Each structure stands twice: as C-alpha cells, then as structure tokens.
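Visitor: Can you look at this prediction? I've put the sequence above it.
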Amino acid sequence: MKFVRRHILTVVAMLVLVYLFIPIAVIGALSFNDPPSKYNTKWYGFSVDAWTNMCGIPGVCESFLESIKIGLISTFVATVLGTMVAFALVRYRFRGRKSTSLLIFLPMATPEVVMGSSLLALFLNLTFPLGVTTVIIAHIMFTISFVVVAVKARLQGLDQSLEEASRDLYANSSATFRYVTFPLVAPGIAGAALLGFALSFDDFIISFFNAGTLVTFPIYVWGAAQRGIPVQVNALATLVFIVALTIVLVAQFVAWRKRKFLQASTAERDADLKALSMDAFSRS
Amino acid sequence: MPDKRVVEDLHLRDLSKRFGDFVAVDDLTLTIPAGSFFALLGPSGCGKTTTLRMVAGLEDPTDGSIVIGDRDVTGLRAFKRPVNTVFQSYALFPHLDIFENVAFGLRRRGIKNVKPTVEAMLELVELTPMARRKPKQLSGGQQQRVAVARALINEPDVLLLDEPLGALDLKLRRQMQIELKRIQTEVGTTFVHVTHDQEEAMTMADTVAVMNEGRIEQMGEPSEIYELPTTVFVARFLGQSNLFAGKRAGSGADSVKVAAHGQEFGIPNSRNSAPGADIIVGVRPEKMTIVDAGDPIPDGHDRISGRVVDVSYTGVSTQYLIAAPWGEEISVFEQNTVVGDRSLVGDSVDVHWAPDHAFGLDGTGIAPSAVESEPVSGN
Amino acid sequence: MPALLPTSGSSAPPQVAARKARTGYLLLLPGMGWLAVFFAIPFITLIITSLQVPTGASGVYAPGFDIANYGEAISQYGDLYVRSFIYAGLATVFALLIAYPLAYFIAFRGGQWKGLLLVLVIAPTFASFLLRTYAWRTILADEGPVTGFFDALGVLPEGRILSTSIAVVAGLTYNFLPFMILPLFAALDKVDHRLIEASNDLYASPVTTFRKVVWPLSLPGVVAGTLLTFIPASGDYINAQLLGSITTRMIGSAIQVNFIQFRDYPIASALSVILMFVILIVVSIYIRRSGTEDLV
C-alpha cells in the first residue's frame, strides 16, 4: 500500500508529461509521411522527402521566412520598449502606477480575438492598409507586456547595494548601467526576447485579422488545414521545435554545469576555511 | 603598500536627515580626526547607518553639510567623492572576478595600468591565489577582505565600514578586527566604522561615538566613555550599570552626597554630570564586591545590604543578582580568583564599592522606576 | 564655508528628485504609448465601430449610434456566448485537475530536476499551436484506436469524438494546460516544506495536510491559472473549428466570420465588445480581491 501511495503521484505526473508530448510525436511522425497527394491526411508510408525538399510546396518557405522576419523585428522593438518600462517600474517613482500596471496586464488577459478585432477596427477606420506593417504593430503590442514581466522579475532580484557600490567606486549613472546593471539584467532580457519571438512566430488569430493578403506561417497552416497540410509543414514545424528545445536544454545544461562547478569549489573553500581556522586557533 | 598620506579631518555640521515625519539623524555636529579609527556605535535604528550613507553620498542630507579638510563635499554625488564604503553585504559584483572587483574603482577613474596596484593590494589582504575566482566561490571572511581591498585601493580620504563583520562567526570576527586595525595603522586613512556591537567598537576604535535616536549621546576614547558615562543610555548600552535614583543631599570639598532609598552615596565631583538636584548614582557590576552580611568593609566604601536571588557561573566570573531592600535587583560580577568561594542563593550579603568608581547622571525628568526596575543592561 | 542646503521635506534636493521623476516618465513613454495607441484606443474604435450604421455599400459604414446592433448580435449569436463560456469553464476545470498533480510533483519532488521539468512543460509550445491542435484530429480520428477504445466503453453519445463538443473541450484543455501548470507550480514552489512537517507533527494525515495546508496556500496559483486559462479559452475558435462541427461553434468564429467574410463590421465589433465586457467583469472581480500590485 505504501509503495502505491509513494509512487502514484510520480506515475500521474509522468502521464501528464507524456500527454503534453503526444501531439508533438504525431507531428514529428507525420513529417516522415509519404502520401501520394503530398498532403497529410493519414499515414501512407515512410519518406524523408519532406525534409530534403522543404521548400517543395509553393508558399511554405515564403510564409516561414515572413514569420521569421516579422518575429525578429517585433521582438527587437518590443524588447527595447518593454525593458525601458520595466526599469521605470522598478527604479523610478511616478504617479499613475495602478493604471500603468493595469494597462500592462490587460493584453495578457485579453482574448486574442478581441485584441485582433479591435486593432482591425482601428486600421479600418483609419483606412490604413493591412499587411506586414500592421502585423508587426500588432505583434509588438502583445509582446511588450511579457517582456515587462520577465525583465521586471529579474530587475527586482538585483541587489540594490551593487549599484550603490558602483557609485561609491567612481562610476556615474551611465557607467554603472554599463558595467553593473546591464550585465546582470541581460539574461532576463535575453529570456524575454526568446519568449517574445516564440509568441510572435506562433501567433495566428491576431495576425489573421490584421494581415490583409500577407501570409505568415501560421496563416499558411490555417489555410492548408482546410484542404490538407503539406508534409513539409510538419517537417518545418518539427525543425523549429527541435531547434528551440535544443537552445533551452543547452541553457539548462550550462546552468547545471555552473552549479556543479560552484559546489566543487565551495567544498574546496570550506576545507580551506577549516584549515585556516585551525591555524588561527593555534596562533591565538 | 601605499605610503602614509596626508589625510584631513572629516567634519559633519548640523547634519540632519528626515524621512517625512521621522527624524533619522538629528542635527549632528562632530569632527572625526584625520587618520583615526572612529566608531559610530548604537542600536538598530539610531541613525548611524544613515549618517554613514550621507557621508558616502548615497543619501542626500535634509540639512547640514559634510566637509573634508576645507572642501565642502555635501553637493557632490557619490561617484565624485574621495570616500569609499565597505558594505554590510560586501556588495561584490557577482559577474566579475576578484581582480576586476578590486580594479573597478581604478578603471572607472580612467587609470590604465591597474595590474601592479591590484596585485599589491591583493597581497596586502592575502588573497593573491583567488584573483581569478568569482565572489561566490569565496568564504565570508575572504569576501569581506575583497570588499576592503576594493575600497582601500582607491586611497580614499575616508573609508566607511557599515557593520562589515556582522556576518562572520566569532573566531573569524576576532581575526578580522585585528586585521582591520593593522591595515588602518599601516595605511593611515581615516576609518569610520558603524556597528551595534559595543565590544567590537571598543576593541578597534580610537574614538567611539554612541548614537541614539539620531543624536550622539557621548563621544570619547573607549575607556573614557566606559568608565565615565554621562547619560543613562550610554551607561546601559555600553556594558551594564546599576543605577539608583536619588536627590542631592549636600556636597563636600570634591564630592557630592546623594540620598537614595534611605541611604547616602558619595560621588566625586569630577565624575558627576548632573547639574541639578536629581542625581542618578551609577556603579558598574565589576566594581562591586560581595561580603557576607555584616562583615567589615574598607573605609569610605558605600554599602547596600541585600539577598542573593541568582548566581550564574560563567567560567571567568560569577554573576550575582542581589535583591536590594527596595526591590531593585543589583548585578555584581566577581572574577573567580578563588575556586569555590561563592555565595549561594538566599544568602544575606552586603555589596560594597569605592565611591571613586561611582558616577552621577542627570536624573531630571526621569522616574526612578524607569532606571531601577528595568533589566540592568540595555542590550 | 559650509553651505546649507535648502530645506525640503523629501529625501533629495529638488533638482535631483525632479530629474529622477522625469527620467522615469521618459522611459515609460514609448512602451506605454504603444500600448495606449494600439491596445487601449482600439477598444474605443471597436465600440465606435459597433455603433456604426450601414450605408448600403458593402463593407462601408458611417458613424452612427445604432445600439440595435447589440440587440441583433445577442439575438443571433447569444447561444454561442453561452456555449463558449461553458466549454472554457469545463476546459479550465479539467486543466486544473490534470495540471495540479504535475505542478505538485515538480514543486515538491522535483529537487534538482525542477528546471528540466519546467522546460519539458513549456517545450510543446515551441511547436505550432495550429499543428498541435490538428494533430489531435489524427489522434482522435473516427477509425483510430482512441475513439475505438472509448466507444467500446460506451461513453460516446454520438459514437465519435471528433466533431463533437468532447473533442473541442479536450482540445481547449490540452492547449491551455501549460498556462495552468506554471502559475500552480509558482505558488506551490513557494510553500515552505517545513509547514508540511509541522502539520504532520501535529497529527494531520497526508490527505488532511493537503486539504488544510497545501491547497489553501496554493490558491493564488489556482486563481492565476484559472484566469490565464479561462479567458483565452473563451475567445478561442481554432479548437472548435478544427475539432468540432457547426453545432460546436464558439463566439470567436462568429467574430472572425463577421469581420473577414461578411464584412459586417458593426455586428462583429459588437460581438467583440460584449465578449470583452464579460472578461473585464471577471478580471475586475479578481482585482477587487487581490489588488493591482501583484498583477505585473
């Protein structure tokens, strides 16, 4: 009985984890499909055709590159804007803090349908042409909040006395930012940028409302879903998944290695310390 | 090793700091002599750290000025002042190694060839093999030495230390106290050390200023202010004191008589800081001696009879609590010079001391119960 | 001569304080300006559009104040709202039930593997949201093993999973699971393990300890996860479209269709405004209880 009780949580947790990956496995498996029509409806046979010939179907690679381009631009802008806001929130005093927090929170809590449609309403009323520009504008809009949250968390964890020490040691504001604050906040900013890119790349609803005739990768997939999704799409998506997963796992590994290294040198320094105090004791 | 430099006095004039209604530092005026090891001692919240931060330039004063020699630095921002700080948490830059941490101030000042100076400083604090390690890999004591090195290397006019030894264990702390004192003597810079540990302040400093509620209660050499406190707070905060509230009952040629609880006690005029009729007599526990009730005592000594209510053996000494006839518990420390010679709980004893060891404090406006029923030490 | 600074009540001389405040505003301006122009103002435009009147020309509308648009929107699509909130609510409940054990496991049994486990939780979101949903179409196919299994159990009212509400709710649950897991984990991770030890020391069984100690302390995470799941789920229509049928349509697709296909902007805007309104009510109840400091 005790055995069951001890392990039932682990089993359930692992099952949930597996559940999360089932569709990923299916996507990956179907990227090796060999359907006669070149569209994935069910399994026919094994082939690496989709992988070796990723841009075989017209529109797939174009939309993929569009999404990358849009992702890079909107992530860059949103990261800069969001980081500035995070600094203002943590380091400066100003009035209207409540409304500012609310305005940052709401985009994260609003359904995409509402955000996409209201932006569309804006552009329609201004008779602003829909296309790459409107999509980028939209992506920046919903990414800023996430950047603010990520950078703010990192900034708040920063020891204030480090910046005071910097000022004490003859660094003015910009030198302090450059040599102390920024290097320490940088990982948070990088994480926020990655998150922003992921959000932008995978966005469908808001993009769809505001893209006009432009086709981003998700919009292409949506269109294809009605007729049948080309195997190349599965291959591309699997590729993105693997690349992203690798980046994150490598980051985890690096951090793990660092921890192990610190543990080793900590053990070493504790031994040194013991020797030192023995020495001091015999001297005193 | 840096040569002894020309250092100047540090003057704080009418320095005040208010946070809204709360007064953290109240009109402080004091001069810290050049080249001295100065301690600002006081309980938490007394304003000592705020004062330190104002000297460093990390807080702006509400009023008053800070002058080094004849230069007014009050308006200068922190990074322009010839003052450096050793922070309580050390504040070592975690993303830089030890070498770069120590070199930081030099680099910001535009000095190009930092290597020889940094290496010399690391030698001084005995951390040369750690030069390329990160702060996280060092022990508390080592980190503390890096913090000192990082500050000292800039040859500041004043070095500020904000409770730097608080995080260290006892043995290490003792070691570092000696280290810091040695470095200060060698380098000759004015050290201003902020602490709540009175033993630390008295061991290290040439001059101690006791602060309470934003003001300086008393300032002087450690032995001076210990042996002759001039306020109730100092009498309690520095070590322990037995206090009896009384009224002036006459004076002799060089002493004053105080009537308290039906007895008369004597205090030399030179040791009496009470201006008026309300005088609090103070005697330190280690200045008192216990004899069995009725036994003879030396000529001229004052005496209180009482009953032993507690005996604590601490190895070096035995600490007694004696209940005086008026209920107050008197504390007496006796060194254990003779093994086994101790009074027991319940014994009737006499406590006596030489009036030369007594001191008089101004009791105006202080209710006797405030000084007589509280615990003997303010810590 | 020692100079006396001007007396001021604040902790910094006036010029420094003013400089600091101004920098703060300057830093805020671009980002908040962007949000004001492209998030806040569009709502106003949305409301304005919802009140516009047709001009006869397709897709062209004139400014007006036709509240009847709202009446029409509700009468035509009112049932879609109800359905959307029911589906979203069910998905939220299921997500909570499924997420909790995993979040608990990572927080309390994760140890040094916490980081890796969290990566695994987020990893599926690296693959396209559309494709993941589409994959369920393959997995839940009528002739597939999964459908066959449940059909054999007799729990499928229509003999199939796809094109029914079951598939839609299942899809919604799956897609928003990470949004439930992460806040739950964050709250559970904060729980001091010593509290559990104290509870055991005071005669509470593991189940009681969970009920009386762990669950209450995890509530902030439950609330956050619920909000982050329910709100986007109610506006979602991808799942309904890919996995459901006409009978499972959610309000999101009505909004899309009216905007993109019918170009009936007033109705479409009205639909969107109503949805946002309901969401705002939910959010304001949350804020009323928890305040704005923890929001961001």
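Guide: That came through fine.
Visitor: how about the biggest helix by length in chain C, does it get close to chain A?
Guide: The residue-count maximum for a helix in chain C (DSSP state H) belongs to helix C:68-109. Yes. Using C-beta under 8 Å from any C-beta of the partner chain, helix C:68-109 reaches chain A at C:98-99, C:101-102, C:104-106, C:109. Where C-beta positions appear, they are placed from N, C-alpha and C, glycine not excepted.
Visitor: tell me what that helix is packed against?
Guide: The contact analysis (3 or more C-beta pairs under 8 Å, 6 or more residues apart in numbering or on different chains; DSSP states H and E) places helix C:68-109 against helix A:2-30, helix C:114-122, helix C:165-189, helix C:215-235, helix C:251-256, helix C:265-290.
Visitor: that older thread, return the closest of the residues of helix C:68-109 next to chain A with respect to chain B.
Guide: Top of the list for closeness to chain B, among these and by C-beta to the nearest C-beta, is C:Ile106 at 25.9 Å.
Visitor: I figured that closest one hits C:Lys114, correct?
Guide: Yes. Counting by C-beta atoms under 8 Å, C:Ile106 does reach C:Lys114; the two are 5.9 Å apart.
Visitor: Name the residue in these two with the higher neighbour count.
Guide: Legend: neighbour count by other C-beta atoms under 10 Å in any protein chain shown for C:Ile106 and C:Lys114, higher for C:Ile106 (26 against 14).
Visitor: Give me the pLDDT for the more buried one.
Guide: In the predicted model, C:Ile106 carries a pLDDT score of 94.
Visitor: check contacts around it.
Guide: A:13, C:114, C:117-118, C:121, C:185, C:189 (C-beta atoms under 8 Å, 6 or more residues apart in numbering or on different chains).
Visitor: from the residues you listed, which single one is nearest chain B?
Guide: Checking those one by one against chain B (C-beta to the nearest C-beta), the nearest turns out to be C:Lys114, at 20.1 Å.
Visitor: show me where the stretch 251-379 of chain B has helices.
Guide: B:368-372 (DSSP state H, counting those that start in this stretch).
Visitor: Now the common contact residues for C:Ile106 and C:Lys114.
Guide: Both C:Ile106 and C:Lys114 are contacted by C:Asp189, under the criterion C-beta under 8 Å, 6+ apart.
Visitor: Give me the helices and strands touching the helix or strand C:Ala198 falls within, please.
Guide: Assigned by DSSP states H and E, C:Ala198 falls within helix C:193-201. Packing partners of helix C:193-201 (3+ C-beta pairs under 8 Å, 6+ apart): helix C:206-209.
Visitor: Enumerate the positions of the helix it packs on that are buried.
Guide: Buried residues in helix C:206-209, counted by 16 or more other C-beta atoms under 10 Å in any protein chain shown: C:Thr209.
Visitor: can you check stretch C:201-221 too?
Guide: Neighbour-count burial for stretch C:201-221 flags C:204, C:209-210, C:213-214, C:218, C:220-221 (criterion: 16+ other C-beta under 10 Å).
Visitor: can you check stretch B:180-193 too?
Guide: Residues of stretch B:180-193 classed as buried: B:180-181, B:183-184, B:187, B:189-193 (neighbour count, 16+ other C-beta under 10 Å).
Visitor: quick revisit: could you pick out the buried ones from the contacts of C:Ile106?
Guide: A:13, C:117-118, C:121, C:185, C:189.
Visitor: so what's the closest residue to chain C within the stretch 51-200 of chain A up against?
Guide: Nearest residue of the stretch 51-200 of chain A to chain C, counting by C-beta to the nearest C-beta: A:Pro111, 2.3 Å away. Residues counted as contacts of A:Pro111 (C-beta under 8 Å, 6+ apart) are C:231-232, C:234-236, C:252, C:275-276, C:279.
Visitor: Repeat the analysis, applying 7 Å as the threshold.
Guide: C:231-232, C:234-235, C:275, C:279 (C-beta atoms under 7 Å, 6 or more residues apart in numbering or on different chains).
Visitor: now B:Val281
Guide: B:244, B:246, B:258, B:260, B:265, B:267, B:358, B:360.
Visitor: Neighbour count added to the residues you listed, as JSON lines?
Guide: Shown next, in JSON lines, are the contacts of B:Val281 (neighbours: other C-beta atoms under 10 Å in any protein chain shown):
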{"residue": "B:Phe244", "neighbour count": "24"}
{"residue": "B:Gly246", "neighbour count": "22"}
{"residue": "B:Val258", "neighbour count": "29"}
{"residue": "B:Ala260", "neighbour count": "21"}
{"residue": "B:Phe265", "neighbour count": "23"}
{"residue": "B:Ile267", "neighbour count": "27"}
{"residue": "B:Ala358", "neighbour count": "23"}
{"residue": "B:Gly360", "neighbour count": "25"}
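Visitor: A:Leu124 and chain B: what is the separation?
Guide: Going from A:Leu124 to chain B by C-beta to the nearest C-beta, to the nearest Å gives 49 Å.
Visitor: Leaving out chain neighbours, which residue sits closest to that residue?
Guide: Spatial nearest neighbour of A:Leu124, excluding adjacent residues (C-beta to C-beta, 6 or more residues apart in numbering or on different chains): C:Tyr265 at 6.5 Å.
Visitor: what's the pLDDT at residue 51?
Guide: Picked chain A for this. Value for A:Trp51, per-residue pLDDT: 83.
Visitor: other chain: chain C
Guide: For C:Leu51, the model assigns a pLDDT of 88.
Visitor: If anything else comes up later, I'll come back, but that's it for now.
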